[in-house]
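>>> coordinates only, sequence not included:
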């Protein structure tokens, strides 16, 4: 199991477009991938689940991956957060 922490850098936070980007990236991997914020853990392959996190600018998110390609999965998701989803950064 791999766990990475990241901070939301884009001003708009996690809304529909970033949620779709995360889910589309997560489904490329065999591993189970989760996002966790404030004790709430959701499946990162679910757009609606991601939206329910209500993650805003500056929120700390834990990325958890478990499976045969867990390291690559966690790093790919973290790279999306680090890029600010190609939106305006705070």
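Ah, there it is. Given the structure is predicted, the values throughout are model-derived calculations rather than measurements.

>>> Residue 6 pairs with what?
Legend: beta-bridge partners of residue 6 under DSSP bridges are residue 61.

>>> Show the contacting residues for it.
Counting by Cβ atoms under 8 Å, 6 or more residues apart in numbering, residue 6 touches 60, 61, 63, 78, 81, 82. To be clear about C-beta, it is placed using only N, CA and C from the backbone, and glycine gets the same treatment.

>>> Tell me the pLDDT of it.
For residue 6, the pLDDT comes out at 97.

>>> do you know how far it is from residue 34?
13 Å (Cβ to Cβ, to the nearest Å).

>>> Common neighbours of those two, please.
By Cβ under 8 Å, 6+ apart, the residues touching both residue 6 and residue 34 are residue 63.

>>> rewinding a little: which of the contacts of residue 6 are buried?
Burial by neighbour count, judged by 16 or more other Cβ atoms under 10 Å, picks out 61, 63, 78, 81 from those.

>>> from those, which two are the most distant?
Largest separation among the buried ones among the contacts of residue 6 by Cβ to Cβ: 61 and 78, giving 9.2 Å.

>>> Return the distance of the residue of the chain positioned farthest from its centre relative to residue 9.
Counting by Cα atoms, centre = their mean, the extreme residue of the chain relative to its mean C-alpha position is residue 68, 18.6 Å from that point. Using Cβ to Cβ, residue 68 is found at 29 Å from residue 9.

>>> Give me the pLDDT value at residue 86.
88.

>>> Tell me which residues of the helix or strand in which residue 3 is found come out buried.
Per DSSP states H and E, residue 3 falls inside strand 2-7. Residues of strand 2-7 classed as buried by neighbour count (16+ other Cβ under 10 Å): 2, 6.

>>> With stretch 38-53 instead?
Of all the residues in stretch 38-53, those buried under the rule 16+ other Cβ under 10 Å are 42, 44, 45, 46, 47, 49, 50, 51, 53.

>>> which strands and helices sit next to the lengthiest helix in the chain?
Of all segments of type helix in the chain, defined using DSSP state H, the longest is helix 70-83. Contacts defined by 3 or more Cβ pairs under 8 Å, 6 or more residues apart in numbering; DSSP states H and E place helix 70-83 against strand 2-7, helix 16-26, strand 32-37, strand 60-66.
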